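Engineer: Here is a sequence together with a model predicted from it:
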Amino acid sequence: MATKPLPSAAEIAEKKKRGWKAVEPTGPVREFGAPSESSASDTVESASAKVDAVLPDTRDLLRKYLGDAAADVADSSPADTVPPDVELVDLKSGDLQRTVGVNRKSQKIEWSQG
C-alpha cells in the first residue's frame, strides 16, 4: 500500500485560509538575512543622502536597554529564527497580500504576517 505524499506548503495554506491563493514571491528572492544587492553597490555618500537617520544595530540597542545577556542572545544567526519544518508562502486575496509560515509536518499555519 503506497502512502500519500505530504501536500505542499502552498496547498496547506490555501486549504487553511479559504479565499486566499498562493502566489509567487514578489521582489528579488534572497536568503534570509543576506544583504540586498542595492545596499552593496551604494556608496556611503549616496546612502546617507537617501535617509534622514541611521538606525543603530539591533545588538547595540539590546545591550543599551536590556543588558549584555540580551545582546548575546541576539548574536545567533538570523536563519535560526525560522524553524526547519516551516516554509514561507505568499498569499493573495484581491488587493490584500500576506505571508504565512506553514508547518508541513503538522499541516498547520504557524504564523501570519500582513
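Structural biologist: That came through fine.

Engineer: So which bits of stretch 5-16 are buried?
Structural biologist: 9-10, 12-14 (16 or more other CB atoms under 10 Å). Just so you know, the C-beta spots here come from the backbone N, C-alpha and C atoms, and that holds for glycine as well.

Engineer: quick one: contacts of stretch 66-74?
Structural biologist: 58-60, 62-63 (CB atoms under 8 Å, 6 or more residues apart in numbering).

Engineer: Could you measure from the closest residue to Leu6 other than its chain neighbours over to Ala10?
Structural biologist: Nearest non-adjacent residue to Leu6, counting by CB to CB, 6 or more residues apart in numbering: Arg104, 5.5 Å away. Distance, Arg104 to Ala10, using CB to CB, to the nearest Å: 10 Å.

Engineer: can you pull out the strands in the protein?
Structural biologist: 21-23, 86-93, 96-103, 108-113 (DSSP state E).

Engineer: Can you add mean neighbour count and give those back as TSV?
Structural biologist: TSV is the format used below for these (neighbours: other CB atoms under 10 Å):
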stretch	mean neighbour count
strand 21-23	14
strand 86-93	18
strand 96-103	17
strand 108-113	13
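
Engineer: ok, Lys108 touching Lys16?
Structural biologist: Yes: when contacts are counted by CB atoms under 8 Å, Lys108 is listed as touching Lys16 (7.4 Å).

Engineer: Mutual contacts of those two, please.
Structural biologist: Joint contacts of Lys108 and Lys16 (CB under 8 Å, 6+ apart) are Val102.

Engineer: can you list the weak-confidence ranges in this protein?
Structural biologist: Filtered on pLDDT under 70, the chain yields the residue ranges 1, 27-52, 74-83, 114.
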